[in-house]
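A.B. asks: sequence first, predicted coordinates after that:
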Amino acid sequence: MNDITIREAQEQVDQWIKTIGVRYFSELTNLGILMEEVGEVSRLMTRLYGDQSFKKSDEKINLAEELGDVLFVLICIANQTGVDLTESLRAGLEKRTHRDRDRHRNNPKLTNGES
């Protein structure tokens, strides 16, 4: 699959929902699904990078797949609420650039190699 823009991803998810998924779940249902998917990412991250060990049932879980699930549901929510994620990301980057221009550079926790 070729690289796609965020806007193209929103269009492709919308087409998938309308042709294969029948219709969008309600916004509140999708919020619940998003929380479930984020929880799955959290569970996997604590096992991959934290102190917890894998259970037998966790062994086939894949971080890329779980992050893809989060992204899919997030795009669904954006589509059904009229949010352009391209513009949202652009605005978020601008906000952080302005707000945090020197903040992280001056953070001794980041510059002294502390965790």
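C.D. replies: Ah, there it is. Numbering: from 1, shown residues only.

A.B. asks: quick one: contacts for residue 62?
C.D. replies: Applying CB atoms under 8 Å, 6 or more residues apart in numbering to residue 62 gives no contacts. Where you see a C-beta, it was placed from the backbone N, CA and C, and this is true even at glycine.

A.B. asks: could you list the low-pLDDT ranges of the protein?
C.D. replies: 1, 113-115 (pLDDT under 70).

A.B. asks: longest helix of it?
C.D. replies: helix 27-48 (DSSP state H).

A.B. asks: residues making contact with that one?
C.D. replies: Outside helix 27-48, the residues within contact range by CB under 8 Å, 6+ apart are 24-25, 52-54, 58, 61, 63, 66-67, 69-70, 73-74, 76-77, 80-81.

A.B. asks: can you select the buried ones from these in ChimeraX?
C.D. replies: Buried members of the contacts of helix 27-48, defined by 16 or more other CB atoms under 10 Å, are picked up in ChimeraX with:
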select :24,25,61,66,69,70,73,74,76,77,80
